[in-house]
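[1] all I have is the shape, not the residue letters:
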């Protein structure tokens, strides 16, 4: 419940989040906010920013009586406006990014 509530907060009213498989979730969110004149964010930057916001939302819901630690690792891909990528390909790319981020977190010297 903690993760679902935090995910709803981060995805917002314009987004969509759902359980994908087991402990994995998928979310569709509008284009991330960027600073004026900033270059387009890479998928890795988008994932890092979303993960940071999700972890903060989880922390706000944590209780000292909680028996389990709730953590999150995020993979992301940005869908092109021209429809040049299928949803299946986008999900596969985001999933690959998630596993890269997990591996980098476990073995920082490799990243």
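    That came through fine. Since the model is a prediction, treat every value here as computed from it, not as a measurement.

[2] in whichever strand or helix holds residue 4, what's buried?
    Secondary structure assignment for residue 4, by DSSP states H and E: helix 2-11. Residues 2, 3, 6, 7, 9, 10, 11 are the ones in helix 2-11 that count as buried (16 or more other C-beta atoms under 10 Å). No exception for glycine: its C-beta is placed from N, CA and C like everyone else's.

[3] so how far is it from its chain's centroid?
    Distance of helix 2-11 from the chain centroid (C-alpha atoms, centre = their mean, to the nearest Å) equals 11 Å.

[4] count the neighbours of residue 106 for me.
    Using other C-beta atoms under 10 Å, the number of residues around residue 106 comes to 9.

[5] need phi/psi at it.
    With angles defined as degrees, to the nearest 10, residue 106 sits at phi -80, psi -30.

[6] what sits against it?
    By C-beta atoms under 8 Å, 6 or more residues apart in numbering, the contact list for residue 106 is empty.

[7] and the helix holding residue 4, what does it pack against?
    Judged by 3 or more C-beta pairs under 8 Å, 6 or more residues apart in numbering; DSSP states H and E, the packing partners of helix 2-11 are strand 16-21, strand 24-28, helix 43-61.

[8] pLDDT at the residue nearest to residue 12 when sequence neighbours are not counted, what is it?
    In space, and not counting its chain neighbours, residue 12 is closest to residue 29: 7.1 Å by C-beta to C-beta, 6 or more residues apart in numbering. Looking at residue 29, its pLDDT reads 82.
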